Each structure stands twice: as C-alpha cells, then as structure tokens.
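Trainee: The sequence and its predicted three-dimensional model are supplied below.
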Amino acid sequence: MFTHIPTTRPDTPLLDSIDFPADLRRLPEEQLVEIAQQLRAFLLYSVGQTGGHFGAGLGVVELTIALHYLLNTPKDHMVWDVGHQSYPHKILTGRREQMLSMRHKDGLAPFPRREESIYDDFGTGHSSTSISAALGMAVADQLNGKETKTVAIIGDGALTAGMAFEALNHAAHTNANILVVLNDNDMSISRNEGGLATYLAKNLKKDLKRTKGSRSETTAALFEALAFEYRGPIDGHDFEVLLPALKDALHKPGPQFLHITTQKGKGFQPAEADPVGYHAITKLEPITTPKKTKQATFANHFGRWLLHTAQQDKRLIGITPAMPEGSDLIAFSQAFPERYFDVAIAEQHALTFAAGLACAGTKPVVAIYSTFLQRAYDQLIHDIAIQSLDVLLAVDRAGLVGEDGATHAGCFDIAALRCIPGMVIMTPADEQEQWLMLNTGYQHKGPAAVRYPRGSGACPTPIYNDEILPIGKARLLISGRSGTAILNFGPFLAEAKKLADKEQHTLVDMRFVKPLDTELLSILMKTHQHFISIEDHAVQGGAGSAVAEFVAQSNWQGTLKIHGIPDRWIEHASREAQCVDTIFKYL
Ligand SMILES: Cc1ncc(C[n+]2csc(CCOP(=O)(O)OP(=O)(O)O)c2C)c(N)n1
Ligand SMILES: CC(=O)[C@@H](O)[C@H](O)COP(=O)(O)O
Ligand SMILES: [Mg+2]
C-alpha cells in the first residue's frame, strides 16, 4: 500500500520493459501482480507531476492489465467509459514516456483519443457512451467478416445514465460479440446515488458469503432480464479470479456481462480513505513554493447564493446531475437535504424533473456544466421552454475549461440556447454580476440561464444583496466617445477595458445575450462605425452573432468584429493559454 505520492520517478524495471501490450502478453501470468505494483507506483508519480484524474485509474490497474493481456489489442476493441480511468491504459500502450506531458499544451490528452493512439478505439470524456460505441464496433466488425472482440468498460456511476440503458437494451438483442465490464466501485465522483446504486450495493452485502468468484443470483437477475449472460461480482483486483472470468466471458459469443468490484483509489491509502477528494488532484508543488490562498470560484459563489436564497424561499429546489462538489451544492445539501437532489449522471432527467417540479409550484434551480447541458437539449426545449416553465439553469464551466480539453469546453451553450423562444441568457462579467443575475433569473417568470466560467473572476468578494437587474439592459461603462464600441459578454471585461482605455473606445458590459439590449445598440449605431464583441463562447452562433443578426436588419453601415472561440477544437492546455491562443489573440 502506498502512502505518499513519489516526487521522483520510481524504479519500475518490469514496467519499463513493456512498450506495447504485445510485450505484456509475452510475460507469464505470475508476473502480473508485480506489473500492477509497478504500474501503480508509476501512475502515482506521473499524476503527481501533472495533476489529473486519480482515483479511477488506480482502481482499474488490474483490469487494464488483464484486458490487454487477454485481448489482441489493437485488433480487438476496448472502449473506456468517461475515459478518466484510462491513464494505466495509456501507460501500457506506448505512452509511458509521454505521461508527464499529460494535460499540457501539445501533450497527451487526459481522455482516450483516436488521433493519439491506435489503442484508443473511441474518444470519450462525457459518460455513458461506451456500450453504444462498442456495440457499433462489434456490429460493424461482424458485418465486415472480422473476428474480433469488443469490450466496453463502464463504471457504476456511468451506468446510471439513460444512454447506457438504451445501449444495454439494444445490445442484448443482437448477436454481437460484445463484453460489458461493469466496474463497480460504489462511487461516482461523489457517492453514487439512486436505486441502481443501492441495488448493486445491497446485493453485494448479501453476497459476501458467496465463495470466491461465484455468481450473484440477485444481481444476475437484472442483467439477465435484459438477455445478457451475466457473471460476477468478482474482485477486480484479484488476478486469480479476474483472468478466468474474463477468459470465459471473452470466449463466449454474443452479449456478455462481467461485474467486477473494485476500490476507487486502490493501493494509495489517502485516496482509498477519501475517494471524493482524490477523484482528481492538482499537480504536486515543490515544498519551497509558497502556498497560494485559494480564491472562491464562481461555483463557490453560486453555492453561497443557493444557500442564501433557499433560506429565504422555501420553494427553492436545488438539483445536480452528479456534480455536487464541482457545482458546489454541498452547503445547501447539508442545510436543506429535503430540497436537494443529486439525480446521478442523468442530465436529461434533471431537466425534465425540474420541469415537473416547476409545474407543481416549486422553484427548481439546476446546476449544470455547460458541456453536460448539451445532453439535455430536447428536455430544455420540449419540457421547459415550450411550457415557459420557471426553471433557472446555473450553467457552470461555460467557455474554455483548460486541461480537460475539447470534450469539456462549454463553447456552445449560447448558440444552443439563444434560438429557443422565451429564454433569458445572462453572461456575468464577474462574481458580483453573477449574484445579481442569479437573483434576476430566479425571480424571472420562465426559463433563464446564467452562464459563468470555471475558476474565479475579477470580484472575489461580491456583496450579497437581493437586487434584481432590469431584463435585457446593458451597462454603459465608458461613454462619451465615438468611433468604436466594445460590447463585452462575460468574464473578459478587464481585457475589454484595457483595449477601450488604450484605443479610446466606448465600453459596454452587455450582460444579456437574450434579450439583447437593442435599444442601446441602436443609440450607439448613431455615433459609432465599429463594434467589437468579446465572449467566452464559439464565434459561430454566439453573442457576437446575436449582435450581427440585429445590425444586419438595420441600415447601419458599420463593421462588427467578433472575438470568441474560433471554429476549431481547442485542445487541453491551461485556461489562460487557451484564451491567449484564441479569444485574446487579436484583441
Ligand atoms: C455526461 C456526463 N456527466 C457528468 C460527467 C462528470 N463525471 C465524470 S466521472 C463521473 C463519475 C463516474 O462514475 P463511474 O462511472 O462510476 O466511474 P468512477 O469514477 O467511479 O471510476 C462524473 C459524474 C461526465 N463526464 N459526463
Ligand atoms: C471526468 C469528468 O468529467 C470530471 O471529473 C471533470 O473533469 C470535472 O471537471 P472540473 O474539474 O471542472 O470539476
Ligand atoms: Mg464508480
């Protein structure tokens, strides 16, 4: 058991002899335990150097080794759900020496990526896609006459999403050679919530008396009802049971299911004791580096707003799809457990559940990352917006998010939301505006969204008051100038002001993307020939596009320059570096 993250590279001679899975397959089974030990040591070291997802990878060390040992990768397929647990897979598939570049600009990606390696069969980052994608591969290989095996590895958290069940429902009624491995560690990022998690955990307790490796009749019933051939649960850290179970499952044709139990953070004592805290870590700083005091983030201020507002209004309900820590609903959940709902990884359900709550007279607030809101688009349109229901979306991690890269960037929410009739969309420039906009969205009758970025902004100590903003009204910050007006939407007001000061431009904090302050724009159009818009969102379809649509309908002869995220995928790097390379590039 490791108790510390090594700060120097550990000695891992056996691991160093494995450049690719073929090297692993040449070793006798007896050496796999030693490989696992060395893989864990190296993983601890490398994640300590780069930061990143931590507990999930430690939990699948034996599974990763066993799968590469038994499969003929890369000919056979392996799809890692979410992909946050794929670091051991990367280490065994030719990328060991690049691990220290992980999450850095031009370095390894933090999730599987098809462009990065032929061993990465499917790009992930969002959860619950693995069974669908694996089924597609298995069916295509069958149609093409290829004799391959395909494995989807899905966690108990990812299994809570509707999409996973849609795929199970389909897969079981094909004759595809697909194996679903359920990696059950009884954890999502936080505690795994809901009936399925309870069912699996309850059965596991009941089954503790089973002999090693024997089958659970109770859990089998669920997956066999869907026509999978089920085996398990077995100890996913014990090669003695893991290898035979995998061999058996891989040699049988048709849809197979293997249920393994593992420990998140396995082998590193602090992570086993605190799997939530060690879901992901920041990189280790040398002890000589002075400790930075942690500034409250936009998410933290949202958490404070939620608690404050819930204390005043009994109707408030707070909802998170499995991100209570990230979105910071912790204090609220402790103060008002009966009004707090972690609905598991179920973004679609979260929104329609909120719609139902709003129909029955409560005031739901859904805290959701911009990138995961993409999952629930129809629910927003069909269940909330058409019925003009009173739901507030606190859209977190809007814009570029840094090291998680393109899968997690929140670049599309304005474009997606802006075309929905009746939506109110607000873009706070700082934490003070975030607070006021949350007040405003909460009091507004009908759907509203406040989008705010990852990390902290320019006003770390906002004044918490009950003020409400006039809907659709911008804030003219520097007036009395003519020529060019800068229209700021969101967190880059300081950069916009710098430019305005330097070039003697007018400066407007637009605040609302929808409704747009067309009255102010019309006034500015009389004295300005140029507009420059700035936003933390894709240029196509974003706030600048809203301005473009408006001015195109007028007879204004001026020009508009839109600064935002360009029409390409922005890869992992620090958020600052991403912004410098994109939004700020031509400012
Ligand atoms: C659609 C979607 N919603 C939320 C997340 C955030 N998220 C990443 S990992 C995770 C927990 C996954 O739990 P599980 O599948 O059991 O994997 P474990 O971390 O326990 O190994 C969550 C909620 C995501 N990646 N995708
Ligand atoms: C894998 C995943 O989807 C989450 O763990 C995500 O990386 C969290 O992002 P934040 O660090 O912004 O909360
Ligand atoms: Mg889990």
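Mentor: Here it is on my side, so go on. Numbers count the residues shown, from 1 in each chain. Ligands and ions are numbered 1, 2, ... in the order given.
Trainee: host element of F341?
Mentor: Using DSSP states H and E, F341 sits in strand 340-342.
Trainee: Mind checking if that strand is in reach of ligand 1?
Mentor: No. If you take Cβ under 6 Å from any ligand atom as the test, strand 340-342 misses ligand 1, and the best it gets is 9.8 Å. C-beta here means a position set from N, CA and C on the backbone, and glycine is covered the same way.
Trainee: Partner strands of that strand and their direction?
Mentor: Here strand 340-342 is paired, per DSSP bridges, with strand 316-320 (parallel).
Trainee: Send me the partner strand as CSV with only the CA atoms.
Mentor: C-alpha atoms of strand 316-320 as CSV (Å, rounded to 0.1, in the frame of the first residue of the first chain):
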residue,chain,number,x,y,z
LEU,A,316,-36.3,26.6,-3.9
ILE,A,317,-35.2,23.2,-5.0
GLY,A,318,-31.5,22.5,-5.9
ILE,A,319,-30.7,19.9,-8.5
THR,A,320,-27.3,18.4,-9.7
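Trainee: any idea how far that strand is from the chain center?
Mentor: In this view, strand 316-320 has its centroid 19 Å away from the chain centroid, taken as Cα atoms, centre = their mean, to the nearest Å.
Trainee: What's the first helix or strand after that strand?
Mentor: The helix or strand immediately downstream of strand 316-320 is helix 330-335, counting by DSSP H and E.
Trainee: Extract the CA atoms of that following helix and return them as PDB.
Mentor: Taking C-alpha atoms only, helix 330-335 is exported to PDB below (Å, rounded to 0.1, in the frame of the first residue of the first chain):
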ATOM      1  CA  ILE A 330     -22.500  20.900  -0.600                       C
ATOM      2  CA  ALA A 331     -23.500  23.600   2.000                       C
ATOM      3  CA  PHE A 332     -27.000  23.700   0.500                       C
ATOM      4  CA  SER A 333     -27.400  19.900   0.600                       C
ATOM      5  CA  GLN A 334     -26.400  19.800   4.300                       C
ATOM      6  CA  ALA A 335     -28.700  22.700   5.200                       C
END
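Trainee: Distance of D509 relative to F550?
Mentor: According to Cβ to Cβ, to the nearest Å, D509 and F550 sit 17 Å apart.
Trainee: Just the closest residue of the chain to ligand 3, please.
Mentor: G155 (3.7 Å; Cβ to the ion).
Trainee: Measure how buried that residue is and give me the count.
Mentor: A count of neighbours around G155, defined by other Cβ atoms under 10 Å, yields 30.
Trainee: so who does it touch?
Mentor: Residues in contact with G155 (Cβ atoms under 8 Å, 6 or more residues apart in numbering) are A56, D81, V82, Q85, S127, L182, N183, D184, N185, S188.
Trainee: ok, and what's touching the strand holding F341?
Mentor: Under Cβ under 8 Å, 6+ apart, the answer for strand 340-342 is 190, 193, 317-322, 324, 329, 332-333, 353.
Trainee: can you do 6 Å?
Mentor: With contacts defined as Cβ atoms under 6 Å, 6 or more residues apart in numbering, strand 340-342 is touched by E193, G318, I319, T320, P324, S333.
Trainee: Comparing D509 and F550, which residue is more hemmed in?
Mentor: Just comparing D509 and F550: by other Cβ under 10 Å the higher neighbour count belongs to D509, 21 against 17.
Trainee: Would you confirm that the more buried one contacts A429?
Mentor: Yes. If you go by Cβ atoms under 6 Å, D509 and A429 touch, sitting 5.2 Å apart.
Trainee: next structured bit after the strand holding F341?
Mentor: Heading C-terminal from strand 340-342, the first helix or strand you meet, by DSSP H and E, is helix 347-359.
Trainee: Show me what that following helix is packed against.
Mentor: Contacting helix 347-359 under the criterion 3 or more Cβ pairs under 6 Å, 6 or more residues apart in numbering; DSSP states H and E are the following elements: strand 316-320, strand 363-369.
Trainee: if we go to 10 Å?
Mentor: Applying 3 or more Cβ pairs under 10 Å, 6 or more residues apart in numbering; DSSP states H and E, one finds that helix 347-359 contacts helix 162-171, strand 316-320, strand 340-342, strand 363-369, helix 370-373, helix 377-378, strand 392-396.
Trainee: Please state the offset of that helix from the chain centre?
Mentor: With Cα atoms, centre = their mean as the basis, helix 347-359 stands 20 Å off its chain's centre.
Trainee: closest one to A197 among the helices and strands packed on helix 347-359?
Mentor: In terms of Cβ to Cβ, the element of these nearest to A197 is strand 340-342, at 10.7 Å.
Trainee: Buried residues of the closest one, list them for me.
Mentor: Neighbour counts using 16 or more other Cβ atoms under 10 Å place Y340, F341, D342 of strand 340-342 among the buried residues.
Trainee: Serialize those to TSV and add fields for pLDDT and distance to D76.
Mentor: TSV is the format used below for these (pLDDT from 0 to 100; distance: Cβ to Cβ, whole Å):
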residue	pLDDT	distance to D76
Y340	98	43
F341	98	40
D342	98	36
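Trainee: So what does I178 have for phi and psi?
Mentor: The phi/psi pair for I178 (degrees, to the nearest 10) reads phi -130, psi 140.
Trainee: Now it. Nearest residue, chain neighbours left out?
Mentor: In space, and not counting its chain neighbours, I178 is closest to A138: 4.4 Å by Cβ to Cβ, 6 or more residues apart in numbering.
Trainee: who's in contact with that neighbour?
Mentor: Contacts for A138 (Cβ atoms under 10 Å, 6 or more residues apart in numbering) come out as 77, 146, 148-152, 171, 174-179, 254-255.
Trainee: Out of those, list just those in strands.
Mentor: Residues of those located in strands (DSSP state E): H77, T150, V151, A152, I178, L179.
Trainee: Return the member of these nearest to P110.
Mentor: A152 (19.8 Å).
Trainee: rewinding a little: any chance of the ones in strands among the contacts of A138 in JSON lines, plus pLDDT and distance to A197?
Mentor: Formatted as JSON lines, those follow (pLDDT from 0 to 100; distance: Cβ to Cβ, whole Å):
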{"residue": "H77", "pLDDT": "98", "distance to A197": "28"}
{"residue": "T150", "pLDDT": "98", "distance to A197": "26"}
{"residue": "V151", "pLDDT": "98", "distance to A197": "23"}
{"residue": "A152", "pLDDT": "98", "distance to A197": "19"}
{"residue": "I178", "pLDDT": "96", "distance to A197": "24"}
{"residue": "L179", "pLDDT": "98", "distance to A197": "22"}
